[in-house]
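Asker: Please find the sequence and the predicted model below.
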Amino acid sequence: MLLVCKALGGDVKKIEAFLPITEVIHNGTLIHDDIEDRSQLRRGLPCTHLKYGVDIAINAGNAMYFLPLSPLLSSKNFDEKTVNRALKIYLQEMIAISYGQGFDIYWHKGKKESVTEDEYLQMCLYKTGTLARMAAKLGAVFAGASEKEIAIAGRFAESVGVVFQIQDDILNITESELSEKKGIGDDIREGKRTLMVIRALNLANRHDKMRLLEILGMQTSDPKLILEAIAILKKYDSILYAQNIAKTLLSDAWDELEPVIKNEESKELLDAFAKYLLERKV
């Protein structure tokens, strides 16, 4: 939000009170996500629902969806029109994130065996791209940007979100700090149709395809079975393929955003931030 606001000529001091908006919502979604996925660890510690109970976790997550509205509604830094534009974006993106999570749940419960790459990327645009898109669009609104500039900033940010999700999927099945904190192969245990799974299913011979589907359908915690599934993904170069898709998405979005950036420092920071997401290990 700060980077986009400054990049488009806004006063970042005027939006300090709004910075927690997407972070508070994000943590609320993580609390709910851990319940829905039956996760054990979050950031290396027991999940909220295990520590405090499912009832408290659901209630806390719900509250975190609405608490960030308070500073927005009480702001004196922006006129009513600007606040209403921000509220509209807020509501649109909160609906989108629920759609994205709905797709993800439907798929990893095995309700839809065949998921295409386009469907996966659309799910990511809704699920993981939403909060990045919301942050960028809000930053653009508070900078007084045009509707075209707001849309461009949103498209760049949603691409950042999708790249984050792809890298998250990769780190989950590789030796990384993320897999240590969440548990290696959690996505396999949950039966998730990641981009790598979709790629492997498209290329695999009949035996490997049926075996991968079988393990995903078990939603097993057996380390041997999880490692067997990961080996099938690696056999068909799914990790490299996912990395290349991420690079292309980010490059295309950057090419659209770069010409409208008004601040050179912000351009460098946004570029560095995007590249970090491609290379991160946590």
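Answerer: Perfect, thanks for sending it.
Asker: From now on I want contacts and neighbour counts done on CA atoms only, so please keep to that.
Answerer: Fine.
Asker: for the protein, what helix or strand is lowest in average pLDDT?
Answerer: When the helices and strands of the chain are scored by mean pLDDT, DSSP states H and E, helix 177-182 comes last with a mean of 63.
Asker: can you list contacts of the helix or strand following that helix?
Answerer: Next in sequence after helix 177-182, counting helices and strands by DSSP states H and E, comes helix 186-189. The contact list for helix 186-189 (C-alpha atoms under 8 Å, 6 or more residues apart in numbering) reads 169, 172-173, 194, 215-216, 218-221, 226, 229-230.
Asker: Let's see that with 10 Å instead.
Answerer: For helix 186-189, contacts defined as C-alpha atoms under 10 Å, 6 or more residues apart in numbering pick out 37, 39-40, 108, 168-170, 172-173, 179, 183, 192-194, 197, 212, 215-223, 225-227, 229-230.
Asker: cool, stretch 237-245 as well?
Answerer: Here stretch 237-245 has contacts from 163, 166-167, 169-171, 173-174, 194-201, 203, 230-234, 246, 251, 278-279, using C-alpha under 10 Å, 6+ apart.
Asker: buried sites along that stretch?
Answerer: 238-239, 242-243 (16 or more other C-alpha atoms under 10 Å).
Asker: repeat for stretch 216-225
Answerer: Buried residues in stretch 216-225 (16+ other C-alpha under 10 Å): 216-217, 219-220, 225.
Asker: buried set for stretch 151-158?
Answerer: 151-158.
Asker: List the residue ranges of this structure that fall below the pLDDT cut-off.
Answerer: For the chain, the stretches flagged by pLDDT under 70 are 110-113, 176-183.
Asker: ok, back up a step: kindly supply the ChimeraX command isolating those of the contacts of helix 186-189 that are buried.
Answerer: The buried residues among the contacts of helix 186-189 can be selected in ChimeraX (16+ other C-alpha under 10 Å) with this line:
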select :37,39,40,108,168,169,170,172,173,179,183,192,193,194,197,212,215,216,217,219,220,225,226,229,230
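Asker: So which of the contacts of helix 186-189 belong to helices?
Answerer: Mapping these onto helices (DSSP state H) picks out 108, 168-170, 172, 179, 197, 212, 215-218, 223, 225-227, 229-230.
Asker: okay, how far is it across stretch 137-156, tip to tip?
Answerer: 10 Å (C-alpha to C-alpha, to the nearest Å).
Asker: on that earlier part again, can you list the buried residues of stretch 216-225 in JSON lines and add distance to residue 19?
Answerer: As requested, these are exported to JSON lines (distance: C-alpha to C-alpha, whole Å):
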{"residue": "216", "distance to residue 19": "38"}
{"residue": "217", "distance to residue 19": "40"}
{"residue": "219", "distance to residue 19": "38"}
{"residue": "220", "distance to residue 19": "39"}
{"residue": "225", "distance to residue 19": "42"}
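Asker: which one among those residues gets closest to residue 208?
Answerer: Distances from residue 208 to these, taken as C-alpha to C-alpha, are shortest for residue 216 (12.1 Å).
Asker: hang on, the earlier thing: just the ones in helices from the buried residues of stretch 151-158, please.
Answerer: 151-158.
Asker: which one of those residues is nearest residue 122?
Answerer: Looking across these and measuring by C-alpha to C-alpha, the closest to residue 122 is residue 158, at 10.4 Å.
Asker: so which of the buried residues of stretch 216-225 would you say is closest to residue 118?
Answerer: Nearest member of those to residue 118, counting by C-alpha to C-alpha, is residue 216, at 20.4 Å.
Asker: just the helices in the stretch 1-150 of the chain please.
Answerer: Under the criterion DSSP state H, counting those that start in this stretch, helices of the stretch 1-150 of the chain are mapped to 2-7, 20-36, 48-52, 54-66, 69-73, 80-108, 117-127, 129-142, 147-172.
Asker: could you dump the ones in helices among the buried residues of stretch 151-158 to CSV with distance to residue 92?
Answerer: Below are these laid out as CSV (distance: C-alpha to C-alpha, whole Å):
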residue, distance to residue 92
151, 13
152, 17
153, 16
154, 13
155, 15
156, 17
157, 15
158, 14
